[in-house]
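Student: After the sequence you'll find the predicted model.
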Amino acid sequence: MSTVLITGGSGRLGRSVVAGFAASGHTVVSVDRGALPGDPAPAGVVQESIDLLDAAAVQEVMARHTPDAVIHLAAIAVPFSAPEDVILRTNTMLAYNVFAAATENGVGRIVTASSPTVLGYGNPSGWLPESFPLDENTEPKPWNAYALSKLVAEQVMRMFATAHGHTTRYAAFRPCYVISPEEWEGAPTQQGHTLAERLADPALSAPALFNYVDARDVADFLAVLLEKMDSIENAQTFFVGAADALAKEPLDKLMPQFLPGSEALAAGLTGTSPAFSIAKAQKVLGWTPQRSWRTELTDTNRADLASAASH
Ligand SMILES: NC(=O)c1ccc[n+]([C@@H]2O[C@H](COP(=O)([O-])OP(=O)(O)OC[C@H]3O[C@@H](n4cnc5c(N)ncnc54)[C@H](O)[C@@H]3O)[C@@H](O)[C@H]2O)c1
(Lines give C-alpha, C1' and ligand atoms only; values in the text may rest on other atoms or scores of the structure.)
Protein backbone atom coordinates (compact mmCIF):
# COMPACT_ATOMS: atom_id res chain seq x y z
CA MET A 1 0.00 0.00 0.00
CA SER A 2 1.57 3.27 -1.06
CA THR A 3 0.86 6.61 -2.70
CA VAL A 4 1.41 6.73 -6.45
CA LEU A 5 1.26 10.08 -8.25
CA ILE A 6 0.30 9.68 -11.91
CA THR A 7 0.56 12.60 -14.34
CA GLY A 8 -1.75 12.54 -17.35
CA GLY A 9 -4.15 10.42 -15.30
CA SER A 10 -7.17 11.61 -17.29
CA GLY A 11 -5.74 10.47 -20.64
CA ARG A 12 -6.30 7.41 -22.81
CA LEU A 13 -3.59 5.44 -21.01
CA GLY A 14 -3.73 7.31 -17.69
CA ARG A 15 -7.34 6.32 -16.95
CA SER A 16 -6.47 2.61 -16.96
CA VAL A 17 -3.27 3.18 -14.97
CA VAL A 18 -5.16 5.21 -12.34
CA ALA A 19 -7.90 2.56 -12.19
CA GLY A 20 -5.37 -0.28 -11.92
CA PHE A 21 -3.41 1.22 -9.03
CA ALA A 22 -6.59 2.34 -7.22
CA ALA A 23 -8.07 -1.17 -7.59
CA SER A 24 -4.98 -2.69 -5.98
CA GLY A 25 -5.43 -0.51 -2.91
CA HIS A 26 -2.91 2.26 -3.56
CA THR A 27 -3.69 5.89 -2.89
CA VAL A 28 -3.55 7.50 -6.33
CA VAL A 29 -2.92 11.19 -7.00
CA SER A 30 -3.96 11.91 -10.58
CA VAL A 31 -2.36 15.12 -11.83
CA ASP A 32 -3.77 16.47 -15.07
CA ARG A 33 -5.02 19.69 -16.63
CA GLY A 34 -8.29 17.87 -17.31
CA ALA A 35 -10.57 15.95 -14.94
CA LEU A 36 -11.08 12.20 -14.89
CA PRO A 37 -14.37 11.22 -16.51
CA GLY A 38 -17.13 10.39 -14.03
CA ASP A 39 -18.14 12.10 -10.83
CA PRO A 40 -17.05 11.48 -8.14
CA ALA A 41 -13.50 10.21 -8.82
CA PRO A 42 -12.97 6.47 -8.21
CA ALA A 43 -12.38 5.48 -4.55
CA GLY A 44 -8.81 6.09 -3.45
CA VAL A 45 -8.13 8.66 -6.20
CA VAL A 46 -7.28 12.29 -5.46
CA GLN A 47 -7.36 14.65 -8.42
CA GLU A 48 -5.06 17.65 -8.81
CA SER A 49 -5.71 19.97 -11.71
CA ILE A 50 -2.55 21.88 -12.63
CA ASP A 51 -0.53 22.78 -15.71
CA LEU A 52 2.64 20.70 -15.42
CA LEU A 53 4.51 23.39 -17.36
CA ASP A 54 4.24 25.43 -14.15
CA ALA A 55 7.31 24.18 -12.26
CA ALA A 56 6.25 25.80 -8.98
CA ALA A 57 2.84 24.11 -9.13
CA VAL A 58 4.50 20.73 -9.78
CA GLN A 59 6.80 21.28 -6.78
CA GLU A 60 3.85 22.23 -4.58
CA VAL A 61 1.78 19.15 -5.51
CA MET A 62 4.76 16.85 -5.07
CA ALA A 63 5.66 18.35 -1.66
CA ARG A 64 2.07 18.18 -0.41
CA HIS A 65 1.48 14.52 -1.35
CA THR A 66 5.02 13.12 -0.86
CA PRO A 67 4.24 10.08 -3.06
CA ASP A 68 6.24 6.86 -2.87
CA ALA A 69 6.31 6.64 -6.66
CA VAL A 70 5.63 8.89 -9.67
CA ILE A 71 4.49 7.71 -13.10
CA HIS A 72 4.78 10.49 -15.67
CA LEU A 73 2.34 10.04 -18.57
CA ALA A 74 1.24 13.63 -19.35
CA ALA A 75 2.31 14.86 -22.76
CA ILE A 76 1.12 16.07 -26.12
CA ALA A 77 0.70 12.46 -27.16
CA VAL A 78 0.04 12.68 -30.91
CA PRO A 79 2.77 13.61 -33.40
CA PHE A 80 1.99 16.77 -35.42
CA SER A 81 -1.10 17.54 -33.27
CA ALA A 82 0.51 20.91 -32.35
CA PRO A 83 3.32 22.95 -33.90
CA GLU A 84 6.63 21.05 -33.75
CA ASP A 85 8.31 23.58 -31.44
CA VAL A 86 5.35 23.45 -29.03
CA ILE A 87 5.45 19.63 -28.87
CA LEU A 88 9.20 19.61 -28.26
CA ARG A 89 9.07 22.35 -25.61
CA THR A 90 6.00 20.98 -23.83
CA ASN A 91 6.99 17.33 -23.63
CA THR A 92 10.59 17.93 -22.65
CA MET A 93 9.71 20.56 -20.03
CA LEU A 94 6.95 18.37 -18.58
CA ALA A 95 9.42 15.51 -18.18
CA TYR A 96 12.04 17.81 -16.64
CA ASN A 97 9.59 19.49 -14.23
CA VAL A 98 8.18 16.18 -13.02
CA PHE A 99 11.58 14.45 -12.59
CA ALA A 100 13.06 17.51 -10.86
CA ALA A 101 10.18 17.97 -8.41
CA ALA A 102 9.89 14.24 -7.70
CA THR A 103 13.62 13.85 -7.12
CA GLU A 104 13.87 16.96 -4.92
CA ASN A 105 10.94 15.75 -2.82
CA GLY A 106 12.54 12.39 -2.15
CA VAL A 107 10.24 10.20 -4.27
CA GLY A 108 11.86 6.75 -4.35
CA ARG A 109 10.73 5.50 -7.79
CA ILE A 110 10.17 7.70 -10.85
CA VAL A 111 9.03 6.40 -14.25
CA THR A 112 8.32 8.19 -17.54
CA ALA A 113 6.41 7.18 -20.63
CA SER A 114 8.47 7.30 -23.79
CA SER A 115 7.33 5.95 -27.17
CA PRO A 116 8.33 3.39 -29.80
CA THR A 117 8.34 6.30 -32.30
CA VAL A 118 11.83 7.22 -31.02
CA LEU A 119 13.07 4.53 -33.44
CA GLY A 120 12.10 6.66 -36.42
CA TYR A 121 9.75 4.49 -38.50
CA GLY A 122 7.45 6.41 -40.82
CA ASN A 123 10.26 8.74 -41.88
CA PRO A 124 9.26 10.16 -45.30
CA SER A 125 12.96 10.06 -46.28
CA GLY A 126 12.95 6.30 -45.69
CA TRP A 127 13.69 4.03 -42.75
CA LEU A 128 14.78 0.45 -42.31
CA PRO A 129 16.01 -1.16 -39.09
CA GLU A 130 19.09 -3.34 -38.96
CA SER A 131 16.89 -6.26 -37.94
CA PHE A 132 13.47 -7.36 -36.67
CA PRO A 133 12.11 -7.69 -34.06
CA LEU A 134 12.81 -4.17 -32.85
CA ASP A 135 14.01 -3.98 -29.27
CA GLU A 136 15.74 -1.74 -26.73
CA ASN A 137 19.03 -2.11 -28.65
CA THR A 138 17.58 -0.79 -31.92
CA GLU A 139 19.15 2.59 -32.67
CA PRO A 140 16.71 5.51 -32.15
CA LYS A 141 16.46 7.82 -35.18
CA PRO A 142 13.66 10.31 -34.36
CA TRP A 143 12.52 12.38 -37.35
CA ASN A 144 9.86 14.62 -35.77
CA ALA A 145 9.48 16.70 -32.61
CA TYR A 146 7.23 14.19 -30.85
CA ALA A 147 9.69 11.31 -31.26
CA LEU A 148 12.59 13.58 -30.30
CA SER A 149 10.72 14.83 -27.22
CA LYS A 150 10.25 11.24 -26.06
CA LEU A 151 13.93 10.46 -26.58
CA VAL A 152 14.76 13.60 -24.58
CA ALA A 153 12.38 12.41 -21.82
CA GLU A 154 14.42 9.18 -21.66
CA GLN A 155 17.60 11.26 -21.46
CA VAL A 156 16.06 13.42 -18.71
CA MET A 157 15.41 10.19 -16.82
CA ARG A 158 19.05 9.11 -17.36
CA MET A 159 20.40 12.52 -16.37
CA PHE A 160 18.61 12.36 -13.01
CA ALA A 161 19.77 8.76 -12.56
CA THR A 162 23.36 9.82 -13.24
CA ALA A 163 23.12 12.49 -10.55
CA HIS A 164 20.79 10.82 -8.03
CA GLY A 165 20.88 7.10 -8.86
CA HIS A 166 22.46 6.34 -5.50
CA THR A 167 19.24 7.37 -3.71
CA THR A 168 16.47 7.13 -6.32
CA ARG A 169 15.28 4.50 -8.82
CA TYR A 170 14.37 5.61 -12.34
CA ALA A 171 12.93 3.95 -15.47
CA ALA A 172 11.30 4.69 -18.82
CA PHE A 173 8.94 2.60 -20.89
CA ARG A 174 7.81 2.72 -24.51
CA PRO A 175 4.17 1.66 -24.73
CA CYS A 176 3.03 0.47 -28.12
CA TYR A 177 -0.15 1.93 -29.70
CA VAL A 178 -2.45 2.08 -26.66
CA ILE A 179 -5.91 0.51 -26.86
CA SER A 180 -8.16 1.59 -24.01
CA PRO A 181 -10.92 -0.75 -22.79
CA GLU A 182 -13.77 1.12 -24.53
CA GLU A 183 -12.01 0.74 -27.89
CA TRP A 184 -12.64 -3.01 -27.81
CA GLU A 185 -16.34 -2.05 -27.74
CA GLY A 186 -16.02 0.10 -30.88
CA ALA A 187 -14.88 3.54 -29.64
CA PRO A 188 -12.43 5.20 -32.05
CA THR A 189 -8.71 4.56 -31.47
CA GLN A 190 -6.19 7.40 -31.04
CA GLN A 191 -5.91 8.03 -34.80
CA GLY A 192 -9.66 7.94 -35.29
CA HIS A 193 -10.45 4.47 -36.68
CA THR A 194 -12.14 1.60 -34.89
CA LEU A 195 -10.22 -1.59 -34.21
CA ALA A 196 -12.41 -3.41 -36.72
CA GLU A 197 -11.39 -0.90 -39.40
CA ARG A 198 -7.72 -1.19 -38.40
CA LEU A 199 -7.79 -4.96 -38.69
CA ALA A 200 -9.74 -4.95 -41.96
CA ASP A 201 -7.35 -2.47 -43.61
CA PRO A 202 -3.66 -3.17 -42.81
CA ALA A 203 -2.72 0.23 -44.28
CA LEU A 204 -4.16 1.82 -41.11
CA SER A 205 -1.87 -0.04 -38.70
CA ALA A 206 1.16 -0.20 -40.98
CA PRO A 207 2.44 3.30 -39.98
CA ALA A 208 2.92 2.00 -36.39
CA LEU A 209 4.31 -1.30 -37.73
CA PHE A 210 1.20 -3.10 -36.43
CA ASN A 211 2.14 -2.52 -32.79
CA TYR A 212 -0.42 -2.17 -30.01
CA VAL A 213 -1.00 -2.84 -26.32
CA ASP A 214 -4.03 -2.94 -24.06
CA ALA A 215 -3.94 -0.02 -21.57
CA ARG A 216 -4.69 -2.44 -18.70
CA ASP A 217 -1.64 -4.51 -19.63
CA VAL A 218 0.42 -1.32 -19.40
CA ALA A 219 -1.07 -0.70 -15.94
CA ASP A 220 -0.06 -4.26 -14.94
CA PHE A 221 3.43 -3.69 -16.37
CA LEU A 222 3.80 -0.50 -14.30
CA ALA A 223 2.69 -2.26 -11.12
CA VAL A 224 5.34 -4.96 -11.65
CA LEU A 225 7.96 -2.37 -12.59
CA LEU A 226 7.38 -0.34 -9.40
CA GLU A 227 7.53 -3.52 -7.35
CA LYS A 228 10.85 -4.64 -8.87
CA MET A 229 12.62 -1.33 -9.45
CA ASP A 230 14.66 -1.62 -6.28
CA SER A 231 16.15 -4.92 -7.35
CA ILE A 232 16.90 -4.36 -11.07
CA GLU A 233 19.57 -2.24 -12.74
CA ASN A 234 18.70 1.44 -12.43
CA ALA A 235 17.59 3.73 -15.32
CA GLN A 236 16.40 1.10 -17.80
CA THR A 237 14.00 1.48 -20.72
CA PHE A 238 11.44 -1.18 -21.67
CA PHE A 239 9.20 -1.79 -24.66
CA VAL A 240 5.65 -2.64 -23.55
CA GLY A 241 3.48 -4.25 -26.20
CA ALA A 242 1.04 -7.03 -26.95
CA ALA A 243 2.48 -10.48 -27.62
CA ASP A 244 1.05 -10.46 -31.15
CA ALA A 245 0.66 -8.00 -34.03
CA LEU A 246 -2.42 -5.91 -34.75
CA ALA A 247 -2.96 -7.70 -38.04
CA LYS A 248 -4.85 -10.68 -39.36
CA GLU A 249 -2.00 -11.79 -41.62
CA PRO A 250 1.59 -12.60 -40.59
CA LEU A 251 3.97 -9.64 -40.73
CA ASP A 252 6.44 -11.45 -42.99
CA LYS A 253 3.70 -11.08 -45.64
CA LEU A 254 2.41 -7.61 -44.66
CA MET A 255 5.57 -5.70 -43.75
CA PRO A 256 7.18 -5.74 -47.22
CA GLN A 257 3.97 -4.29 -48.71
CA PHE A 258 4.25 -1.20 -46.50
CA LEU A 259 7.96 -0.99 -45.70
CA PRO A 260 9.79 -1.26 -49.01
CA GLY A 261 12.99 -3.27 -48.82
CA SER A 262 12.01 -5.16 -45.66
CA GLU A 263 11.41 -8.59 -47.29
CA ALA A 264 14.53 -10.26 -45.89
CA LEU A 265 14.46 -8.31 -42.60
CA ALA A 266 10.86 -9.29 -41.86
CA ALA A 267 11.22 -12.94 -42.91
CA GLY A 268 11.31 -14.07 -39.27
CA LEU A 269 8.02 -12.34 -38.34
CA THR A 270 5.92 -15.41 -39.00
CA GLY A 271 2.63 -16.48 -37.44
CA THR A 272 1.35 -13.87 -34.97
CA SER A 273 4.82 -12.42 -34.15
CA PRO A 274 4.86 -8.65 -33.51
CA ALA A 275 7.53 -6.33 -34.92
CA PHE A 276 8.48 -5.15 -31.41
CA SER A 277 10.04 -7.49 -28.88
CA ILE A 278 8.90 -7.44 -25.25
CA ALA A 279 11.46 -10.07 -24.28
CA LYS A 280 13.35 -7.63 -22.01
CA ALA A 281 10.29 -6.83 -19.88
CA GLN A 282 9.46 -10.53 -19.75
CA LYS A 283 12.99 -11.54 -18.74
CA VAL A 284 13.92 -8.69 -16.36
CA LEU A 285 10.51 -8.15 -14.74
CA GLY A 286 8.61 -11.37 -15.41
CA TRP A 287 5.77 -9.33 -16.95
CA THR A 288 3.67 -10.78 -19.78
CA PRO A 289 0.66 -9.10 -21.41
CA GLN A 290 -2.62 -10.86 -20.71
CA ARG A 291 -4.70 -9.36 -23.53
CA SER A 292 -4.73 -9.52 -27.31
CA TRP A 293 -7.17 -8.38 -30.01
CA ARG A 294 -7.97 -12.05 -30.41
CA THR A 295 -9.26 -12.24 -26.82
CA GLU A 296 -10.60 -8.72 -26.28
CA LEU A 297 -12.66 -7.80 -29.36
CA THR A 298 -16.34 -7.86 -28.45
CA ASP A 299 -18.94 -9.65 -30.56
CA THR A 300 -20.20 -6.31 -31.89
CA ASN A 301 -16.76 -5.28 -33.01
CA ARG A 302 -16.14 -8.71 -34.51
CA ALA A 303 -19.32 -8.29 -36.55
CA ASP A 304 -18.02 -4.87 -37.68
CA LEU A 305 -14.76 -6.54 -38.64
CA ALA A 306 -16.55 -9.12 -40.77
CA SER A 307 -18.62 -6.44 -42.45
CA ALA A 308 -15.63 -4.10 -42.97
CA ALA A 309 -13.71 -6.99 -44.54
CA SER A 310 -16.54 -7.79 -46.96
CA HIS A 311 -16.66 -4.23 -48.39
N1 LIG B 1 -1.56 6.43 -26.79
C2 LIG B 1 -0.54 5.80 -27.36
O3 LIG B 1 -0.72 5.00 -28.27
C4 LIG B 1 0.88 6.04 -26.88
C5 LIG B 1 1.93 5.34 -27.48
C6 LIG B 1 3.24 5.58 -27.04
C7 LIG B 1 3.48 6.47 -26.02
N8 LIG B 1 2.43 7.15 -25.45
C9 LIG B 1 2.73 8.08 -24.37
O10 LIG B 1 1.94 7.70 -23.24
C11 LIG B 1 1.53 8.85 -22.53
C12 LIG B 1 0.02 8.87 -22.39
O13 LIG B 1 -0.57 8.90 -23.68
P14 LIG B 1 -2.14 9.00 -23.87
O15 LIG B 1 -2.48 8.31 -25.13
O16 LIG B 1 -2.83 8.62 -22.63
O17 LIG B 1 -2.30 10.57 -24.12
P18 LIG B 1 -3.58 11.48 -23.84
O19 LIG B 1 -3.45 12.68 -24.73
O20 LIG B 1 -4.83 10.71 -23.89
O21 LIG B 1 -3.34 11.92 -22.34
C22 LIG B 1 -2.34 12.83 -22.00
C23 LIG B 1 -2.83 13.59 -20.78
O24 LIG B 1 -1.84 14.56 -20.42
C25 LIG B 1 -2.49 15.73 -20.00
N26 LIG B 1 -1.61 16.87 -20.20
C27 LIG B 1 -1.01 17.26 -21.36
N28 LIG B 1 -0.31 18.39 -21.14
C29 LIG B 1 -0.46 18.71 -19.84
C30 LIG B 1 0.02 19.76 -19.02
N31 LIG B 1 0.79 20.75 -19.53
N32 LIG B 1 -0.33 19.80 -17.73
C33 LIG B 1 -1.15 18.83 -17.19
N34 LIG B 1 -1.64 17.80 -17.92
C35 LIG B 1 -1.28 17.75 -19.23
C36 LIG B 1 -3.73 15.83 -20.90
O37 LIG B 1 -4.73 16.64 -20.29
C38 LIG B 1 -4.13 14.37 -21.04
O39 LIG B 1 -5.13 13.97 -20.10
C40 LIG B 1 2.09 10.04 -23.28
O41 LIG B 1 3.32 10.41 -22.69
C42 LIG B 1 2.34 9.51 -24.67
O43 LIG B 1 3.34 10.23 -25.34
C44 LIG B 1 1.14 6.94 -25.85
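Tutor: Received, thanks. Just so it is clear, the structure is predicted and the values come from calculations on it, not from any experiment.
Student: can you tell me how far the residue nearest to residue 203 when sequence neighbours are not counted sits from residue 193?
Tutor: Once flanking residues are discounted, residue 203 sits nearest to residue 258: 7.0 Å by Cβ to Cβ, 6 or more residues apart in numbering. Any C-beta I mention is one placed from the backbone N, CA and C, and that applies to glycine too. Taking Cβ to Cβ, to the nearest Å as the measure, residue 258 falls 16 Å from residue 193.
Student: Tell me where the model's unsure across the chain.
Tutor: Applying pLDDT under 70 to the chain flags residues 1, 39, 299-311.
Student: Which residues of it lie near the ligand?
Tutor: Residues of the chain found near the ligand (Cβ under 6 Å from any ligand atom) are 8, 10-14, 32-34, 51-53, 73-75, 77, 94, 113, 115, 175, 177-178, 190.
Student: hmm, try it at 5 Å
Tutor: Proximity of the chain to the ligand (Cβ under 5 Å from any ligand atom) is limited to residues 8, 10-13, 32-34, 51-53, 73-75, 77, 113, 115, 175, 177-178, 190.
Student: Drop anything exposed from these.
Tutor: Among those, those classed as buried by 16 or more other Cβ atoms under 10 Å are 8, 10-13, 32, 52, 73-75, 77, 113, 115, 175, 177-178.
Student: Out of those residues, which two sit at the greatest distance?
Tutor: Across these, no pair lies farther apart than 52 and 177, at 23.6 Å, counting by Cβ to Cβ.
Student: Pick out whichever of the buried ones among the residues of the chain next to the ligand sits closest to residue 146.
Tutor: residue 115 (7.3 Å).
Student: Just give me the neighbour total for the closest residue to that closest one other than its chain neighbours.
Tutor: Spatial nearest neighbour of residue 115, chain neighbours left out: residue 150 (4.2 Å); criterion: Cβ to Cβ, 6+ apart. Residue 150 has 28 neighbours, counted by other Cβ atoms under 10 Å.
Student: in which helix or strand would I find residue 150?
Tutor: Taking DSSP states H and E as the definition, residue 150 sits inside helix 145-164.
Student: What segments of this structure are strands?
Tutor: 3-7, 27-31, 45-48, 69-72, 109-113, 169-175, 178-179, 213-214, 236-240 (DSSP state E).
Student: Which elements pack onto the first one?
Tutor: Counting by 3 or more Cβ pairs under 8 Å, 6 or more residues apart in numbering; DSSP states H and E, the packing neighbours recorded for strand 3-7 are helix 14-23, strand 27-31, helix 55-65, strand 69-72, helix 84-104.
Student: Adjacent strands (with direction) for it?
Tutor: strand 27-31 (parallel), strand 69-72 (parallel) (DSSP bridges).
Student: which residues touch the residue nearest to residue 115?
Tutor: Residues counted as contacts of residue 150 (Cβ atoms under 8 Å, 6 or more residues apart in numbering) are 75, 91, 113-115, 117-118, 142, 174.
Student: Report the two of those separated the most.
Tutor: Greatest spacing in the contacts of residue 150, by Cβ to Cβ: 113 and 142 (15.3 Å).
Student: hmm, back to that, pipe the contacts of residue 150 into a markdown table and attach distance to residue 246 per row.
Tutor: Below are those laid out as a markdown table (distance: Cβ to Cβ, whole Å):
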| residue | distance to residue 246 |
| --- | --- |
| 75 | 22 |
| 91 | 25 |
| 113 | 19 |
| 114 | 20 |
| 115 | 16 |
| 117 | 16 |
| 118 | 19 |
| 142 | 22 |
| 174 | 16 |
